[in-house]
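1. Please find the sequence and the predicted model below.
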Amino acid sequence: MLNETYRAMLNNKSVIRETFMYGRQRAAQIGSENVFDYSLGNPSVPCPPEFTEAMQTLLAQEEPVSLHGYCPSQGDPGFRTAVAAHLTETFGLPYAQKHIFPTTGAAGAIAHAIRAVTQPGDEVLTFAPYFPEYGPYVAGTGAVLRVVPPQAPTFQPNLDAFAQMLTEKVTCVLINTPNNPTGVVYSADTLTRMAAILTEKSARYGHNIFLVSDEPYRDIVFDGKTVPYPAAFYPHTLTCFSYSKSLSLPGERLGYVAVRPGCEGEDILVDMMSQISRFTGHNCPPSIIQRAVSRCQKVTSDLSVYQTNMELLYEKLTALGFEVERPGGTFYIFPKALEEDANAFCRKAREFDLLLVPSDSFGVKGYVRLAYCIDTEKVKRSLPAFEKLADAYRK
């Protein structure tokens, strides 16, 4: 007998993936150079040469049985130690090997982190707009996702609504900064106030409320700024990271959970996550990728193209009269649609071969997301299409 839960999910497919597949079909008809596909957040720059060299060195010099053998259920010790040292150097917190759990990307990190700090029936809060896959990530743990309403146009978290929704049932809060889909970076003032609310509510309810911080875009930040590190503001933080964006390695599926030193359960949470892996069939990322990335902690891909693309789009969109918050990072921008129905607006955009993603699945009405991780030359060639789209609404 087929599982009805997963059968039902077939009718709720990702609008992002659907738009991407439409783009491939359209490209076969008119040529990919004529389709301006802003749907999928797939990095457009190559991985750094240090990663390629690390892989080549491992394959050439390491004994194959050892290199390709099982690693411990908690992950490769060298990778865990390297990550801890990098976090300590970068953020000034005394991370150690015991605080790091390798995962298959940030998705795997979130799944493990939430399972470790919730019971079935507990509530998890997140802030709109949010990455739509948070829904199935949380549902798979048996917890219930509740969404704090957005605060447009800046899209900093709505902390007044957050404080009201933070009831005794909430055991975990899930945040994402820099944010997908808006590109907004949560400010130090926001994180300071959020930490104060979490501390006060934890004391009131008699249990610590954990903060799970989803940070795959941490290294993609603009104007020479740095991203405030949520774990520096609140002790009971589990940081979820992925190398998909910073090293342009989405297909390698490597990330980690970092348990903040001083967090409740810091000595056992990683061991608990290794037990969660037994339940989910996770069983660690490939050991060779862990070992290669352990040698690349201080490098990233050349991420500068994302700021170049952002500035081109932001300048054009604002000139055309779009309401849009300037991104502080990521490779996304989130303008307000030129009509209330974002889905209708995206259908209109397809007439000009602009493929945009409506905001409804991100928990917000009336906006669209553009993933500008595409060639700069194509961004430039897409700008007249945006002009035609805007003109269509002026007639």
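-> Nice, I can see it. Numbering: from 1, shown residues only.
2. drop to CA atoms for contacts and neighbour counts, all remaining ones
-> OK.
3. Please give the three-state secondary structure assignment for Leu174.
-> Under DSSP: H, G, I helix; E, B strand; the rest coil, the three-state class of Leu174 is strand.
4. Show me what it bridges to in the sheet.
-> Assessed by DSSP bridges, Leu174 has beta-bridge partners Thr126, Val212.
5. tell me what the helix or strand harbouring Ile16 is packed against?
-> Ile16 is part of helix 15-30 when elements are defined by DSSP states H and E. If contacts are counted by 3 or more CA pairs under 8 Å, 6 or more residues apart in numbering; DSSP states H and E, helix 15-30 sits against strand 354-355, strand 357-358.
6. any idea how far Pro77 lies from Ile100?
-> 9 Å (CA to CA, to the nearest Å).
7. Which one, of the helices and strands packed on helix 15-30, ends up nearest to Glu168?
-> strand 357-358 (33.7 Å; CA to CA).
8. That closest one packs against which elements?
-> Packing partners of strand 357-358 (3+ CA pairs under 8 Å, 6+ apart): helix 15-30, helix 342-350, strand 368-371.
9. run the last query once more with 6 Å
-> The contact analysis (3 or more CA pairs under 6 Å, 6 or more residues apart in numbering; DSSP states H and E) places strand 357-358 against strand 368-371.
10. what comes up buried for the helix or strand following the strand it packs on?
-> Remark: after strand 368-371, the chain's next helix or strand is helix 376-392, criterion DSSP H and E. Across helix 376-392, burial judged by 16 or more other CA atoms under 10 Å covers 376, 378-379, 382-383, 385-386, 389-390.
11. Can you tell me the number of residues neighbouring Gln275?
-> Gln275 has 18 neighbouring residues, counting by other CA atoms under 10 Å.
12. what's the distance between it and Gln97?
-> Distance of Gln275 to Gln97, given as CA to CA: 17 Å.
13. Among Pro77 and Ile100, which residue is more densely surrounded?
-> Higher neighbour count among Pro77 and Ile100: Ile100, with 26 against 19, using other CA under 10 Å.
14. My guess is that one contacts Phe79. True?
-> No: counting by CA atoms under 6 Å, Ile100 sits too far from Phe79 to count as a contact (8.8 Å).
15. returning to that earlier point: can you redo the helices and strands packed on helix 15-30 as TSV, where the extra columns are mean pLDDT, mean neighbour count and distance to Gln61?
-> Formatted as TSV, the helices and strands packed on helix 15-30 follow (pLDDT from 0 to 100; neighbours: other CA atoms under 10 Å; distance: least, CA to CA, whole Å):
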stretch	mean pLDDT	mean neighbour count	distance to Gln61
strand 354-355	94	25	46
strand 357-358	95	28	46
